[in-house]
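Here you go, sequence then predicted model.
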Amino acid sequence: MFEKADLQRESTPARPAATLIVTREGEAGLETLLLRRNPSLKVMAGAWVFPGGKVDGEDEGADALSRARAAAVRELAEETGLAVGDLPLLHFSRWLTPEVVQHRFDTYFFLSPQSPDAEVRVDGSEIVEHRWVRPAQAVAEQAAGSLKIPPPTLVSLTDLVEHDSIAGLVAAVEKRTPPYFFPRITEMGEDHVFLYPGDSGYEASDPAADGCQHRTTMCKGLFSYRRDFNWPDRP
């Protein structure tokens, strides 16, 4: 999660990483898979996240995107026992950790629909629990303080809320340009604000700037996300 202790003065290189947003058609509609990280871990201890992890030497590919795709497939199998579905992995978004954060990652997010009867088996080491959840429910639980999730997970879940079916979600992701997030962390009063590209205050790191907002705000340990525009279509 985000704590002031995570911040540093000097930038460190961002390690390549991959995340896989796994979805299925549940009885009440689209559901996604969240995993709870072991509370003893140094990074995001106890947080609920999507499957994923760092790209390593065995993840082959012609470029960073393809190597991240290979890592996403491997991490999914290691953390959940699942294989990817029949559809190819779709590039969902990309997140680059701010330079002031101690543990930095350059993470490609992918989308992978699963069959409704997919059986999850967590490794019990790095991952200690799993749940299938409606995205809107997860967002509501985070707002109520009962679900610990980091901003990239919240932003991605908010995207998923807009779709009632896998078919609609896949069509939207195939149409849009995968959004890129390189947050700029600022303060507004007692709140921390994570400004994203597209926010009127992004270039100047000014959360008080008038105009379009694209940001996550942390108030009393809880996050809220706002985006005032639609994702642009692919060229």
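Perfect, thanks for sending it.

Just give the nearest non-adjacent residue to I185, would you?
Nearest residue to I185, sequence neighbours excluded (CB to CB, 6 or more residues apart in numbering): P98, at 5.4 Å. The C-beta positions use only the backbone N, C-alpha and C, and glycine is treated the same way.

What are the buried residues along the helix or strand containing A18?
A18 is part of strand 15-26 when elements are defined by DSSP states H and E. Burial within strand 15-26, assessed by neighbour count using 16 or more other CB atoms under 10 Å, is assigned to P16, A17, A18, T19, L20, I21, V22, T23, R24, E25.

repeat for stretch 149-166
149-160, 163, 166.

Domain ranges for this structure, per the record?
Here the domain parsing of the chain from automatic domain parsing is 4-180, 183-229.

now the end-to-end length of the last one.
Spelled out, it's domain 183-229. 17 Å (CA to CA, to the nearest Å).

tell me how far that domain is from the chain's mean position?
Its chain's C-alpha centre and that of domain 183-229 lie 17 Å apart, by CA atoms, centre = their mean, to the nearest Å.

for the longest one, same thing?
Between the mean C-alpha point of domain 4-180 and the mean C-alpha point of its chain there is a distance of 5 Å (CA atoms, centre = their mean).

which residues sit against the longest helix belonging to the chain?
Secondary structure of the chain per DSSP state H: the longest helix is helix 64-80. For helix 64-80, contacts defined as CB atoms under 8 Å, 6 or more residues apart in numbering pick out 16-20, 22, 33, 35, 51-56, 58-61, 82-84, 89, 91, 106-108, 110, 112, 120-123, 126-127, 130.

Tell me what angle that helix forms with strand 15-26.
60 degrees (axes from the mean of the first three to the mean of the last three CA atoms, to 10 degrees).

Of all the residues in helix 64-80, which ones are buried?
Judged by neighbour count (16+ other CB under 10 Å), helix 64-80 contains these buried residues: R67, A68, R69, A70, A71, A72, V73, R74, E75, L76, E79, T80.

Can you name the next helix or strand after it?
strand 90-96.

Which neighbouring elements make contact with that next one?
In terms of contacts (3 or more CB pairs under 8 Å, 6 or more residues apart in numbering; DSSP states H and E), strand 90-96 is packed against strand 105-113, helix 151-161, helix 166-175, strand 180-181.

closest one to A204 among the ones you listed?
Comparing the helices and strands packed on strand 90-96 by their distance to A204 (CB to CB), the top pick is strand 180-181, with 17.9 Å.

Name every strand pairing with the next helix or strand after that closest one and say which way it goes.
Counting by DSSP H and E, the element after strand 180-181 in chain order, helix or strand, is strand 184-188. Applying DSSP bridges, strand 184-188 is found paired with strand 191-195 (antiparallel).

Now do the same for the strand it pairs with: mean pLDDT, whole number.
For strand 191-195, the mean per-residue pLDDT is 96.

List the buried residues in that strand.
Those would be H192, V193, F194, L195, for strand 191-195 by 16+ other CB under 10 Å.

Which pair of those spans the longest distance?
Going by CB to CB, the pair spanning these furthest: H192 and L195, at 10.6 Å.
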